[in-house]
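K.L.:
prediction below, plus the sequence it came from.
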Amino acid sequence: MPKLLIVDDESDIREFAKRFFLKRNIEVFTASGGIEALDIIEKENPDLVLLDVNMEQTSGVEVLKKLRERKNDVKVIMVTGVEDESVINEVNSWGVRGYIHKPLVLEELEKIVLAELVKK
């Protein structure tokens, strides 16, 4: 069963996406912030991480940098509500698989996530 980690500081988004993917036979973990996300990634080794760019404690960009500095090449899709060219360029240099924009469109979310989970 594929493993997905959803990292977002908005609990309603985390829980909504979690329920959505559990129904698709995907094992789902959630984290409300960067430190929690890094711990889960280390323990559970997910196949894919949906990582919010803007979070209160640690930004998604910082989480991504820490992952790559630790030589962790887990697939990451950034989730953002803001179009910021400088952020996009920065995270591209750290190796992301793509972007999903808020508000989340379920069909788009499902298509992107399932496509990444079947790629090995």
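P.N.:
Cool, got the structure. Numbering: from 1, shown residues only.

K.L.:
buried residues in the worst-scoring helix or strand of the chain on mean pLDDT?
P.N.:
Least confident element among the helices and strands of the chain, by mean pLDDT, DSSP states H and E: helix 85-93 (a mean of 78). In terms of neighbour count (16 or more other Cβ atoms under 10 Å), helix 85-93 has its buried residues at 87, 91. In this view, the C-beta of every residue, glycine as well, is placed from N, C-alpha and C.

K.L.:
what sits against Asp84?
P.N.:
By Cβ atoms under 8 Å, 6 or more residues apart in numbering, the contact set of Asp84 is Val53.

K.L.:
so which elements touch the least confident helix or strand of the chain?
P.N.:
helix 60-69 (3 or more Cβ pairs under 8 Å, 6 or more residues apart in numbering; DSSP states H and E).

K.L.:
pLDDT weak spots in this protein?
P.N.:
Within the chain, the ranges that satisfy pLDDT under 70 run 120.

K.L.:
where along it do the helices fall?
P.N.:
11-22, 34-44, 60-69, 85-93, 106-118 (DSSP state H).

K.L.:
Glu44 contacts Lys3, correct?
P.N.:
Yes - under the criterion of Cβ atoms under 8 Å, Glu44 makes contact with Lys3 at 6.1 Å.

K.L.:
between these two, which is the more surrounded one?
P.N.:
Lys3 (18 against 12; other Cβ atoms under 10 Å).

K.L.:
which one of the helices of the chain is the most hemmed in?
P.N.:
Among these, helix 60-69 has the highest mean neighbour count (mean count of other Cβ atoms under 10 Å), at a mean of 18.

K.L.:
for that helix, what is the distance to the chain centroid?
P.N.:
Taking Cα atoms, centre = their mean, to the nearest Å, one finds helix 60-69 lying 12 Å from the centre of the chain it belongs to.
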